[in-house]
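# just need the structure, nothing else, for what follows:
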Amino acid sequence: MKETEVVCAVIMIDNLVYCCKRSKQVKRAGFWEFPGGTVNEGEDKEEALKHYIEDELNTIISIDGYLGTTEYVYNDENGEEKIILHAYLATLLTGMLERKYHSEGLFMTFKRLKTLKLLPPDQEIVKILEAKYNN
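The predicted model follows:
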């Protein structure tokens, strides 16, 4: 089975969480996710995350801490793939969250976040956030 390590940024401002909707041009289109990307072999996870956020959102972030890791096995039209998602809390330093690869991107409440069609690994990150922030 293919294994893919992925990193994501959980960007929060005033108890609102930033989330993006995958565009129609990518697999698992239409699902919502925390922004980030695939970690290449030998690549530092935090550096990979900073690079992806700068590339995808034209934004510079600082990493404030590790939030947690989730795993999920997809068995769909793309084949069987295990996703290992590492989530980090992040702060915006510069930039305007200009989406290049997502059809939407919004800051939202935890309540709204739970109503979205989130990717399964990201759903688990929401549970970690809820426990951390008692929502």
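# for the chain, which residues score under the pLDDT cut-off?
135 (pLDDT under 70).
# strands along the protein, start to end?
Counting by DSSP state E, the chain has strands at residues 2-13, 16-22, 32-33, 36-38, 59-76, 79-95, 102-108.
# now the fifth one, how far from the chain's geometric center?
Right, the one you point to is strand 59-76. The chain centre lies 6 Å from the centre of strand 59-76; the measure is C-alpha atoms, centre = their mean, to the nearest Å.
# list the buried ones in that strand?
For strand 59-76, a neighbour-count test (16 or more other C-beta atoms under 10 Å) marks 59, 61, 63, 67-70, 74 as buried. C-beta here means a position set from N, CA and C on the backbone, and glycine is covered the same way.
# how about stretch 34-47?
Under 16+ other C-beta under 10 Å, the buried positions of stretch 34-47 are 34-37, 39, 45-46.
# just to revisit the earlier point, pipe the strands of the chain into JSON lines and attach distance to residue 131 per row.
Listed next are the strands of the chain as JSON lines, based on distance: least, C-beta to C-beta, whole Å:
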{"stretch": "strand 2-13", "distance to residue 131": "13"}
{"stretch": "strand 16-22", "distance to residue 131": "14"}
{"stretch": "strand 32-33", "distance to residue 131": "20"}
{"stretch": "strand 36-38", "distance to residue 131": "21"}
{"stretch": "strand 59-76", "distance to residue 131": "9"}
{"stretch": "strand 79-95", "distance to residue 131": "13"}
{"stretch": "strand 102-108", "distance to residue 131": "18"}
